[in-house]
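Student: here's a sequence, model it:
(chains A and B)
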Amino acid sequence: AKLFNVLMRDMIRSGELAGARNVFDEMLRRGVRPTVVSFNTLMSGICKGADLDGANALRGLMAKAGVTPDVYTYGTLMQGLCRVGRIQDAVEIFEEMCERGVDPNTVVFTTLIDAHCKEGDVAAGLELYREMAARGVQMDLVAYNALVNGLCRARDLKAASDIVQEMRNTGLKPDKVTYTTLIDGCCKEGKLDMAMVMKREMLDEGVALDEVTYTALISGLRKAGRSVEAERVLCEMVDVGLEPD
RNA sequence: GGCUAGUGGC
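Tutor: The predicted structure is shown next:
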């Protein structure tokens, strides 16, 4: 079954959901029992296409096959729902998961935190963050980045840097995603000088800028009318071997 | 345990 799973994963990665479904059917035809990973892999492919009916159908099939959903199954479904803005439904899945005795992990919490933050409800994100602490679920780099993003979107750079400080205190090093989020946040608040300081800080800590970081910074400088600096940063981007869009 | 879900710009 593992070989079939890997095959499905590769097809889904290249966007061939139909192919993945064929692999799944082929598995059944040959009498190979799909594992929970088989179902989860196919589920993630279906969810990427925002096909929630298909996802529910697969859940039914899973039940019929006597395969118990695990934290990945619920996490995948929640992400699928969040992607199309159905956060409330994702929260229901979250509750269902808890009722069935599956403990939510960092990934599941991050999915909800990120969804709330993107919807503009950082307060809800922070609430989940506290709930994680209460339940003893560890925050990791991705979880912190999602929160930092929410705070930046809420125009609360102060709170965002406080969170980054806390992140450092727990021994996590901000990565290029963290920095890009902060730099973009600074730019969108018109704090271009602060954005440039963050760029330096980032380099000082040995974190390299990538195309996303450069794009955020350059577009921020341009929008602020600081075209000379924008050009300078653009040249630097090319110098380090990156392609501007 | 080994294959599956979560975070940044234009």
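
Student: Three-state assignment for A:Trp60, please.
Tutor: For the record, residue A:60 is Gly, not Trp. The assignment at A:Gly60 comes out as helix when based on DSSP: H, G, I helix; E, B strand; the rest coil.

Student: and the residue of chain A found nearest RNA strand B, how many neighbours?
Tutor: Of all residues in chain A, A:Gly75 sits closest to RNA strand B, at 2.4 Å by CB to the nearest atom of the strand. Where C-beta positions appear, they are placed from N, C-alpha and C, glycine not excepted. Using other CB atoms under 10 Å, the number of residues around A:Gly75 comes to 27.

Student: A:Tyr74 against A:Ile93, yeah?
Tutor: Yes - with contacts counted by CB atoms under 8 Å, A:Tyr74 reaches A:Ile93, the gap being 5.7 Å.

Student: and A:Asp245, what pLDDT?
Tutor: Reported pLDDT at A:Asp245 in the predicted model: 84.

Student: tell me the secondary structure at A:Asn40.
Tutor: Put simply, A:Asn40 is helix when judged by three-state DSSP.

Student: okay, the nearest residue to it once chain neighbours are set aside: pLDDT?
Tutor: Spatial nearest neighbour of A:Asn40, chain neighbours left out: A:Tyr72 (4.6 Å); criterion: CB to CB, 6 or more residues apart in numbering. Listed pLDDT for A:Tyr72 reads 98.

Student: how about the one 10 residues further on?
Tutor: According to the predicted model, the pLDDT of A:Cys82 comes to 97.

Student: what's the burial count for it?
Tutor: Neighbour tally, A:Cys82, other CB under 10 Å: 22.

Student: who's in contact with it?
Tutor: Neighbouring residues of A:Cys82 by CB atoms under 8 Å, 6 or more residues apart in numbering: A:Ala90, A:Thr111, A:Leu112, A:Asp114, A:Ala115.

Student: low pLDDT regions in chain A?
Tutor: Within chain A, no stretch has pLDDT under 70.

Student: that one: helices as residue ranges?
Tutor: For chain A, the helices defined by DSSP state H cover A:2-13, A:17-29, A:36-48, A:52-64, A:71-83, A:87-99, A:106-119, A:122-135, A:141-153, A:157-169, A:176-188, A:192-204, A:211-223, A:227-239.

Student: same list, those helices, but as CSV with distance to A:Asp245 please.
Tutor: Converted to CSV, the helices of chain A look like this (distance: least, CB to CB, whole Å):
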stretch, distance to A:Asp245
helix A:2-13, 23
helix A:17-29, 28
helix A:36-48, 24
helix A:52-64, 33
helix A:71-83, 24
helix A:87-99, 31
helix A:106-119, 23
helix A:122-135, 29
helix A:141-153, 21
helix A:157-169, 26
helix A:176-188, 15
helix A:192-204, 19
helix A:211-223, 7
helix A:227-239, 11
